[in-house]
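A.B. asks: Sharing a model that was predicted from the sequence below.
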Amino acid sequence: MTPETSVVERLKKEDIKYVDLRFTDLLGTWHHISLDASRISAEIFQKGLAFDGSSIPGWKDIHESDMLLMPDATTTRTDPFFALPTLSIICTVIEPETGIPYNRDPRSVAKRAEEYLRSTGIGDSVHVGPEAEFFAFDSVRFSVDPYKTGFTLDAYELPSTSNAHLNGNNLAHRPRMKEGYLPLPPIDSGQDMRGEMLSAMASMGVTVEKHHHEVASAQHELGIRFGSLLPIADAMQIYKYCVHNVAQTYGKTATFMPKPVYGDNGSGMHVHQSLWKGKTPLFAGSEYAGLSKECLWYIGGIIKHGRALNAFSNPTTNSYKRLVPGFEAPTLLAYSARNRSAACRIPWGPTPDAKRVEIRFPDPAANPYLSFAAILMAGLDGIQTKCDPGEAMDKNLYDLPEHELKKIPTLCASLGEAIDALKNDSAFLKEGGVFTDDLIDSYCRLKMKEVHRLAATPHPIEFDMYYSS
């Protein structure tokens, strides 16, 4: 029985009412269309479903709006949040006239990146393990009215609630600023919520491993098991979906904004990657920290293209409020074994299978398909050009003297810088047709709108600094 036939049989056997077709846009947002189960036959997996591509940011113009969703039968999962029995299926996006994947479809980019890896002969697969953090607040209020601009965050765990009257009874147990890493309840108030998030993810086919409180107040992390690039990018979309919806059932609101709170740690998405050829790990060897030359060259490629990678790995104006010294997020393009202030870290591992690179600068606002693929392409370019990453930096990079700091390349300081870096350094992404000029240009246009919007808007801090000048 084919996967497509199996889906159709499952609809009847489990009395499924709806099938939810889901796809991802350039910005990483998940979209969906719900079909009555009676509409689903094996034919839809060959012919797809038409939709309006002109209504998706950065995609089609209105005169060429017709596009097709092509469901991937291997991604079928039961949705745990809908009231009526519903199967969700992840789709790729197809050009209806040619039948080929749309070049601006992020999922298709991830597929092409894996195909390109195999075509190089370097390896057969890339293992990816993301670690995405998030905040869960009790209430978030914001206004962008020209005459009333600002925001207010509230959560039981925030230090600001220490003197608040909470139904006349403040129980006091909460993390102090930057001291929220791994406390037990009652200081950790999110234990049960995170457990339900993991359970929801597992019910949707994600292999889960752990959950814990993070360093900032009201900040959390869920752990999923590593896997090949495309399924893990799919899993990150499920991760975000489950986090948002379980938080909602707890009367909370979750956010993957990299830096919603000034003065406390932001949310990162450290991305672990390793290359394999069959069952052989290609990153294990006899060089620095037990790495292979190929792994060091891979790191060299990431350092070489790090600023261009920022456009995909740190894709919001808010991302660069996290990439500042002193909060574990790296600002310098260097590598080290176990040093968390370096952009690329080599985690300790007891066996050759565990040798990998942890890229520490990405954040969870990133489109997982584009960011994972872009990092892979940078690393492959490093291997192909034997890019020397230089000497490892086995010391706290935040404490380096000025004359040493000047020798180390830096990550971008703003989204505008990152977009400029991408425009000037994109050839490595276009190898094998993985990324196209069309996609990169459309993405840059979308992101520059965000840059210009923020740049033109007065900020509350400016009133504090300049109002009485």
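C.D. replies: Thanks, I have it.
A.B. asks: Skipping its backbone neighbours, what lies nearest Asn103 in space?
C.D. replies: Setting aside the residues directly before and after it, Asn103 is nearest to Thr436 in space (Cβ to Cβ, 6 or more residues apart in numbering), at 4.6 Å. Any C-beta I mention is one placed from the backbone N, CA and C, and that applies to glycine too.
A.B. asks: Enumerate every residue touching the one you found.
C.D. replies: For Thr436, the contacting residues are Asn103, Arg104, Lys430, by Cβ atoms under 8 Å, 6 or more residues apart in numbering.
A.B. asks: Check the contact between the second one and Asp437; I expect there is one.
C.D. replies: No - taking Cβ atoms under 8 Å as the contact criterion, Arg104 and Asp437 are not neighbours in contact, 11.1 Å apart.
A.B. asks: more neighbours, these two?
C.D. replies: Regarding Arg104 and Asp437, a neighbour count based on other Cβ atoms under 10 Å identifies Arg104 as having more, with 23 against 11.
A.B. asks: Name the helix or strand for the residue nearest to the more buried one when sequence neighbours are not counted, please.
C.D. replies: For Arg104, ignoring the flanking residues on the chain, the nearest one in space by Cβ to Cβ, 6+ apart is Leu439 at 4.8 Å. Element membership of Leu439 [criterion: DSSP states H and E] is helix 437-455.
A.B. asks: Just the buried residues of that helix, please?
C.D. replies: The neighbour-count criterion (16 or more other Cβ atoms under 10 Å) identifies Leu439, Ile440, Ser442, Tyr443, Cys444, Leu446, Lys447, Glu450, Val451 as the buried residues of helix 437-455.
A.B. asks: next helix or strand past the longest helix seen in the chain?
C.D. replies: Longest helix in the chain by number of residues, with DSSP state H as the criterion: helix 229-249. Toward the C-terminal end, the helix or strand that comes next after helix 229-249 (DSSP H and E) is strand 253-255.
A.B. asks: which is the next helix or strand following that next one?
C.D. replies: Next along the chain after strand 253-255, taking DSSP H and E as the criterion, comes strand 269-277.
A.B. asks: neighbouring contacts of the helix or strand of the chain with the lowest mean pLDDT?
C.D. replies: Counting by mean pLDDT, DSSP states H and E, the weakest-scoring helix or strand in the chain turns out to be helix 402-405, with a mean of 81. For helix 402-405, the external contacting residues (Cβ under 8 Å, 6+ apart) are Leu332, Leu397.
A.B. asks: one more time with 10 Å, if that's ok
C.D. replies: Pro325, Thr331, Leu332, Met393, Lys395, Leu397, Tyr398, Asp399 (Cβ atoms under 10 Å, 6 or more residues apart in numbering).
A.B. asks: Looking at the last one now. What's its pLDDT?
C.D. replies: Right, Asp399. The pLDDT attached to Asp399 in the predicted structure is 75.
A.B. asks: That one: how many residues sit nearby?
C.D. replies: Using other Cβ under 10 Å, Asp399 is surrounded by 10 other residues.
A.B. asks: what does the one 4 residues further on give?
C.D. replies: Around His403 there are 7 other residues, counting by other Cβ under 10 Å.
A.B. asks: Check Phe142 too.
C.D. replies: A count of nearby residues for Phe142, using other Cβ under 10 Å, gives 9.
A.B. asks: Name the SS class of it, please.
C.D. replies: strand (DSSP: H, G, I helix; E, B strand; the rest coil).
A.B. asks: For Leu229, see how far away it is.
C.D. replies: 35 Å (Cβ to Cβ, to the nearest Å).
A.B. asks: got it, and His212?
C.D. replies: Distance, His212 to Leu229, using Cβ to Cβ: 25 Å.
A.B. asks: Please say which of these two ends up with more neighbours.
C.D. replies: Set side by side, His212 and Leu229 show unequal neighbour counts under other Cβ under 10 Å, the larger going to Leu229 at 23 against 16.
A.B. asks: dump the residue contacts of the more buried one.
C.D. replies: When the contact criterion is Cβ under 10 Å, 6+ apart, the partners of Leu229 are 110-111, 113-114, 117, 125-128, 273, 368-369, 372-373, 375-376.
A.B. asks: Please pick the buried ones from these.
C.D. replies: The neighbour-count test (16+ other Cβ under 10 Å) applied to the contacts of Leu229 identifies 110-111, 113-114, 117, 125-128, 273, 368-369, 372-373, 375-376 as buried.
A.B. asks: Tell me which entries of those residues lie within strands.
C.D. replies: Ser125, Val126, His127, Val128, Gln273 (DSSP state E).
A.B. asks: For the residues you listed, give me TSV that also has distance to Tyr320 and pLDDT.
C.D. replies: Converted to TSV, those look like this (distance: Cβ to Cβ, whole Å; pLDDT from 0 to 100):
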residue	distance to Tyr320	pLDDT
Ser125	33	97
Val126	27	98
His127	29	98
Val128	24	98
Gln273	23	98
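A.B. asks: Where does pLDDT dip in the protein?
C.D. replies: 62-63, 338 (pLDDT under 70).
A.B. asks: Please enumerate the helices of it.
C.D. replies: Ranges of helices in the chain, per DSSP H, are 3-13, 44-47, 106-120, 191-203, 229-249, 293-304, 306-313, 319-322, 368-384, 402-405, 415-424, 437-455, 460-466.
A.B. asks: Which other helices and strands does the last one contact?
C.D. replies: Judged by 3 or more Cβ pairs under 10 Å, 6 or more residues apart in numbering; DSSP states H and E, the packing partners of helix 460-466 are strand 148-154.
A.B. asks: can you pull the buried residues of the strand it packs on?
C.D. replies: In terms of neighbour count (16+ other Cβ under 10 Å), strand 148-154 has its buried residues at Leu153.
A.B. asks: Check stretch 228-243 too.
C.D. replies: 229-243.
A.B. asks: Closest one of those to Asn169?
C.D. replies: Of all those, the one with the least separation from Asn169 (Cβ to Cβ) is Val243, at 28.8 Å.
A.B. asks: Quick check, the closest one in contact with Ile224.
C.D. replies: No - in this structure, Val243 is not within contact of Ile224 by Cβ atoms under 10 Å, at 11.6 Å.
A.B. asks: re earlier: now render the contacts of Thr436 as a markdown table, adding distance to Thr5.
C.D. replies: A markdown table is the format used below for these (distance: Cβ to Cβ, whole Å):
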| residue | distance to Thr5 |
| --- | --- |
| Asn103 | 31 |
| Arg104 | 31 |
| Lys430 | 38 |
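A.B. asks: Relative to Lys423, which of the residues you listed is nearest.
C.D. replies: Distances from Lys423 to the contacts of Thr436, taken as Cβ to Cβ, are shortest for Lys430 (12.6 Å).
A.B. asks: how many other residues sit next to the closest one?
C.D. replies: 14.
A.B. asks: Next, count neighbours for Pro409.
C.D. replies: Pro409: 13 surrounding residues under other Cβ under 10 Å.
A.B. asks: so what's it closest to, chain neighbours aside?
C.D. replies: Setting aside the residues directly before and after it, Pro409 is nearest to Leu333 in space (Cβ to Cβ, 6+ apart), at 4.3 Å.
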